[in-house]
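Q: below are the sequence and a predicted model for it; my questions follow.
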Amino acid sequence: MKTKILRTIAILTTLMLIGLTATAQEPIARGVYAYGKLESCINGKTLVYYDSNDYDAVRQVVYEANKYGLKSKSWYTLFIPGQKYTDEERYDILSENNIETVFIVKHNSSSSSQQGTAYSNGLGGYTMSSGTVVSHVGLLYEVYSVKDKFDKPIVVINGNGKNNPFITRSGFGMTLKTTERVVKAMRKNGAIHKSNRK
């Protein structure tokens with residue numbers, strides 16, 4: 001009897017969570033889903049954090065975000081890579097520099113597939129080559145605000161990028177393309193406060 005009650009409670013809880021997820025998720029572009037209140041969530045001085053040790057990749061993600069209206073700087077303009085900071089130290093540095101919003105870009109998932117290509121060998125025949133290509137990248141975009149001391153995300157956006165079989169991009173190329181689509185959708189849906197827009 002007790003097991004039956006616990007099972008029923010577990011099923012009801014699962015159904016309730018699925019219902020909440022379904023109502024909270026808002027499609028804002030192709031393969032882009034938002035959770036939370038988008039309106040003016042990007043406000044004031046903004047830092048962009050991208051989870052990569054490649055400085056050039058970080059620079060490109062920040063550039064892509066700024067191209068579509070974020071008007072932000074890299075996280076690493078204030079924080080040294082590899083240096084450990086306590087929550088209090090991070091908050092103090094953000095406050096001292098009047099940062100109001102932190103925009104985090106991080107990888108959520110990826111998948112690869114084999115792709116074959118035929119090349120003419122110049123003798124009337126073809127040579128086949130194959131290789132592994134990234135076919136999908138999943139990215140999470142999180143927005144944190146000074147209003148709650150950057151404690152938890154106020155908006156979470158799930159963005160998915162898929163490789164086009166005719167224009168094959170690298171995994172990072174898909175990250176940039178997905179970031180472009182996400183920021184454009186955010187702008188269109190009023191997420192970027194007018195004071196931040198170019």
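A: Perfect, I can see it now.
Q: any chance you could map the strands in the chain?
A: For the chain, applying DSSP state E gives strands covering 26-29, 32-36, 45-50, 72-74, 99-120, 126-145, 155-162.
Q: how many other residues sit next to the residue lying closest to residue 35 once chain neighbours are set aside?
A: Nearest in space to residue 35, with sequence neighbours left out and distances taken as Cβ to Cβ, 6 or more residues apart in numbering, is residue 156 at 4.6 Å. For every residue, glycine as well, the C-beta is placed using N, CA and C. Counted with other Cβ atoms under 10 Å, residues neighbouring residue 156 total 17.
Q: same check, this time on the one 5 residues further on
A: Residue neighbour count, defined by other Cβ under 10 Å, stands at 26 for residue 161.
Q: need the pLDDT of it.
A: On the pLDDT scale, residue 161 is placed at 77.
Q: which residues touch it?
A: 31, 136, 137, 138, 139, 174, 175, 177, 178, 181 (Cβ atoms under 8 Å, 6 or more residues apart in numbering).
Q: export those to CSV and append columns for pLDDT.
A: Listed next are the contacts of residue 161 as CSV, based on pLDDT from 0 to 100:
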residue, pLDDT
31, 87
136, 68
137, 81
138, 85
139, 91
174, 82
175, 88
177, 88
178, 90
181, 91
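Q: and those, which two are furthest apart?
A: Spatial extent of these (Cβ to Cβ) is set by the pair 136 and 181 at 14.2 Å.
Q: now stretch 56-66 - C-alpha only, CSV.
A: What follows is stretch 56-66, C-alpha atoms only, in CSV (Å, rounded to 0.1, in the frame of the first residue of the first chain):
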residue,chain,number,x,y,z
ASP,A,56,40.3,33.9,-30.0
ALA,A,57,37.2,31.7,-29.7
VAL,A,58,36.0,33.8,-26.7
ARG,A,59,36.7,37.0,-28.7
GLN,A,60,34.7,35.8,-31.6
VAL,A,61,31.7,34.8,-29.5
VAL,A,62,31.7,38.3,-27.8
TYR,A,63,32.0,39.9,-31.2
GLU,A,64,29.1,37.8,-32.5
ALA,A,65,26.9,38.9,-29.5
ASN,A,66,27.9,42.5,-29.9
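Q: hmm, back to that, neighbour count winner among residue 136 and residue 181?
A: The neighbour comparison of residue 136 against residue 181 (other Cβ under 10 Å) goes to residue 181, with 19 against 16.
Q: run a quick neighbour tally on the closest residue in space to the more buried one that isn't next to it in sequence.
A: Nearest residue to residue 181 in three dimensions, chain neighbours excluded: residue 29, at 5.5 Å (Cβ to Cβ, 6+ apart). When neighbours are counted by other Cβ under 10 Å, residue 29 registers 18.
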